[in-house]
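Participant: Need a 3D model of the following:
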Amino acid sequence: MADTKVKAASKKPTAPKATNGSAAKAAKGKSNGVTTVAQPDPVMPGTDKPTAAASGSATTMPASTATFPKETYLQWYEQMQLMRKFEDKAGQLYGQQKIKGFCHLYIGQEACVAGQVSALEKGDKYITAYRDHAHPLALGTSPNAVMAELFAKATGCSKGKGGSMHIFDKEVGFMGGHGIVGGQVPMGAGIAFAEKYNKTGKLCICSMGDGAVRQGALHEAFNMAMLWKLPVIFVIENNGYAMGTSVARTSNVTDLYKIGLSYDMPSEPVNGMRVEDVHEAVARAAERARAGEGPTLLEFKTYRYKGHSMSDPAKYRTKEELEDYRHRDAIEGVRHTILTNNFATEADLEAIDERIKAAVQASVEFAENSPYPTPDELYKDVYVQADYPYIHD
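Facilitator: The predicted structure follows:
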């Protein structure tokens, strides 16, 4: 699982490809009474686009040539399946009201995290918004600790005080999910400043959604990051809709990576539905950061299969659009590569699936059997000063 991390094979990074990054135009279509605006196609130039299968049938894909070692593909498969099955279970538990409050699932976007983790080094820092369950899982945080946090239990990785939107694990370099839209962007730049100031040789990768690029703090952070050549990789996880409104309806610039060009920041679009592309783009950006060349902006063109949160019925898109993206599923792409190249058998992959299902179920049992935080936890982890003089009634 995530704690058996295998580093991808070292590949000499190349300069970013010049791409057109075709803009999403307001091409309207109707289905079942729903009007949608066409989304950016995550299949970028030079990548293989899966052949769309008939609705309800198995995804069909072209023959795949492995560009990384067997161990890396198996690691990606196991990481992404853990994310997927964990999130599936979280969605079920939310429906049973065992998880309360807000809950934002990552289903469909798994390649965005898996490719980051394989491309970066131990000691690098990660920070993101509130769609944050998958990141610590991929970095090696125990599913028990993440599930317990969703249950608001004391054994959670934020001691049950953060919940779904505020998961942290300093031990694996995860600097948290943050609930203020765009709030993590200047924080990510600040973490990178600390790494540079302390001469650690490490970097920070800062993820945000497509809706966060409308925040003014982003521009301030981009300007300072470029001015000071901070070792930070900014990532826009563009799943097309922000909360529920398409990029084409909220921004004159629909190729969001171009925002970085205003600051002379190296910027490029990436097929976020293909883990190989994510790894390679992050590896290039990391090499520049470690060489003192400053930040990079990557726009991961991706897609979430669920709504913005569990309370979102996602009626702003059609069933046909959703099905089309399911045929480009990153996990199925990796499975296809593994089987095509005889890296493992169907039975081997089924054994991995069963092991992950068991681990996720065990995390549920752990969370259910864990205690809630005691009242005195209210006064802990607020100030560094251990004996801070709180006024009690």
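
Participant: burial of Ala217, as a residue count?
Facilitator: Counted by other Cβ atoms under 10 Å, the residues lying close to Ala217 total 17. Where you see a C-beta, it was placed from the backbone N, CA and C, and this is true even at glycine.

Participant: which residues sit in contact with it?
Facilitator: Shown in contact with Ala217 (Cβ atoms under 8 Å, 6 or more residues apart in numbering): 182-183, 185-186.

Participant: Swap in 7 Å and give it another go.
Facilitator: Going by Cβ atoms under 7 Å, 6 or more residues apart in numbering, Ala217 touches 182, 185-186.

Participant: got the buried residues for the strand or helix carrying Ala221?
Facilitator: Using DSSP states H and E, Ala221 falls within helix 216-227. The neighbour-count check on helix 216-227 (16 or more other Cβ atoms under 10 Å) flags 217-218, 221-222, 224-226 as buried.

Participant: can you give me phi and psi for Gln116?
Facilitator: Main-chain dihedrals, Gln116, degrees, to the nearest 10: phi -70, psi -50.

Participant: quick one on the thing from earlier: counting neighbours, which of the contacts of Ala217 comes out on top?
Facilitator: Result: Val185 is most packed of the contacts of Ala217 (other Cβ under 10 Å), 27 neighbours.

Participant: so which strand or helix has it?
Facilitator: helix 184-197.

Participant: what's the spacing between the most centrally placed residue in the chain and Leu227?
Facilitator: Centroid-nearest residue in the chain, with Cα atoms, centre = their mean: Val113, separated by 4.4 Å. Distance, Val113 to Leu227, by Cβ to Cβ, to the nearest Å: 29 Å.

Participant: before we move on, what about Pro186?
Facilitator: 14 Å.

Participant: same question, Thr72
Facilitator: Thr72 is 36 Å from Leu227, by Cβ to Cβ.

Participant: With Val364 instead?
Facilitator: To Leu227, Val364 is 47 Å away according to Cβ to Cβ.

Participant: can you check Met208 too?
Facilitator: To Leu227, Met208 is 20 Å away according to Cβ to Cβ.

Participant: element containing the residue lying closest to Gly188 once chain neighbours are set aside?
Facilitator: Closest residue to Gly188 apart from its sequence neighbours, by Cβ to Cβ, 6 or more residues apart in numbering: Cys206 at 2.7 Å. Using DSSP H and E, Cys206 sits within strand 204-209.

Participant: and that strand, how far from the chain's centre?
Facilitator: Relative to its parent chain, strand 204-209 has a centroid offset of 9 Å by Cα atoms, centre = their mean, to the nearest Å.

Participant: Contacts for that strand, please.
Facilitator: So strand 204-209 is in contact with 116, 120, 124-129, 182, 184-185, 188, 191-192, 195, 232-237, 242, going by Cβ under 7 Å, 6+ apart.

Participant: the helices in the chain, which residues?
Facilitator: Along the chain, the segments classed as helices by DSSP state H run 70-95, 110-119, 134-139, 143-150, 184-197, 216-227, 247-250, 275-290, 319-326, 330-340, 346-369.

Participant: so which of those helices comes closest to Tyr390?
Facilitator: helix 143-150 (24.6 Å; Cβ to Cβ).

Participant: so where is the stretch 251-393 of the chain shaky, pLDDT-wise?
Facilitator: Applying pLDDT under 70 to the stretch 251-393 of the chain flags residues 307, 312.

Participant: make it 90
Facilitator: With pLDDT under 90 as the threshold, the stretch 251-393 of the chain has low-confidence stretches at 251-253, 303-327, 386-387, 391-393.

Participant: List the contacts of Val360.
Facilitator: Going by Cβ under 7 Å, 6+ apart, the list of residues near Val360 reads 85-86, 89, 143.

Participant: Serialize the residues you listed to JSON lines and add fields for neighbour count.
Facilitator: Below are these laid out as JSON lines (neighbours: other Cβ atoms under 10 Å):
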{"residue": "Lys85", "neighbour count": "18"}
{"residue": "Phe86", "neighbour count": "25"}
{"residue": "Lys89", "neighbour count": "19"}
{"residue": "Pro143", "neighbour count": "25"}
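
Participant: Could you single out the nearest of those residues to Arg328?
Facilitator: Ranked by distance to Arg328 (Cβ to Cβ), the contacts of Val360 are led by Lys85 at 19.6 Å.
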